[in-house]
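Asker: Here is a sequence with its predicted model. Questions after.
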Amino acid sequence: QVHVVESGGGLVQPGGSLRLSCAVSGRTSSAYAMGWFRQAPGKERELTAAIDWSGDETYFDDSVKGRFTISRDDAKNTMYLQMNSLKPEDTAVYYCNADESYRAVVAGPLSFGSWGRGTQVTVSS
């Protein structure tokens, strides 16, 4: 079983930047695809970005394309989400997760039965 711990959230003004981190432990993380998900107040959890095991293939929701980048450092068992040009609509709790299958990650949050605590991102002036 893979365990994840998200960190790096906070309060930022519109137009600002944050970098989220996802520490992965448990089974060998380098063989896993990983994804970032977010859940805004009153809304369902949704896939925001994903990266395959090699780092060669990535996915971004249309709402964050050109503003967010995803990366991984397998030596540190950590995945990152660099968020630039943040908007108030990016306000949400951000979660990460991992699976052997990239297809399962991009299929969305229903692929996962357990989650970490997430990290709150608030974009407000």
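Answerer: It's in.
Asker: mind checking the SS state of the most centrally placed residue in the chain?
Answerer: For the chain, the residue nearest the mean C-alpha position is residue 36 (1.9 Å; C-alpha atoms, centre = their mean). At residue 36 the chain is in strand, as set by DSSP: H, G, I helix; E, B strand; the rest coil.
Asker: now swap in residue 62 and tell me
Answerer: Going by three-state DSSP: residue 62 is coil.
Asker: tell me the pLDDT at it?
Answerer: Reading off the confidence values, residue 62 has pLDDT 98.
Asker: Low-confidence bits of this structure, can you list those?
Answerer: 27-30 (pLDDT under 70).
Asker: repeat that with 90
Answerer: Scanning the chain for pLDDT under 90 picks out 1-2, 25-32, 74.
Asker: the helices in it, which residues?
Answerer: Assigned by DSSP state H, the helices in the chain fall at 102-107.
Asker: on that earlier part again, from what I can see the residue nearest to the centre of the chain touches residue 81, true?
Answerer: Yes: counting by C-beta atoms under 8 Å, residue 81 is a contact partner of residue 36 at 4.8 Å. C-beta coordinates here come from the backbone N, C-alpha and C atoms, glycine included.
Asker: any common contacting residues for those two?
Answerer: Common contacts of residue 36 and residue 81 (C-beta atoms under 8 Å, 6 or more residues apart in numbering): 20, 22, 48, 49, 70, 94, 96.
Asker: what's near enough to touch the residue nearest to the centre of the chain?
Answerer: 20, 22, 47, 48, 49, 50, 70, 79, 81, 94, 95, 96.
Asker: what is the second one paired to in the beta sheet?
Answerer: Listed beta-bridge partners, residue 22: residue 6, residue 79 (assigned using DSSP bridges).
Asker: distance of it from residue 110?
Answerer: 19 Å (C-beta to C-beta, to the nearest Å).
Asker: how many neighbours does residue 41 have?
Answerer: 7 (other C-beta atoms under 10 Å).
Asker: check contacts around it.
Answerer: Contacts of residue 41 (C-beta under 8 Å, 6+ apart): 91, 92.
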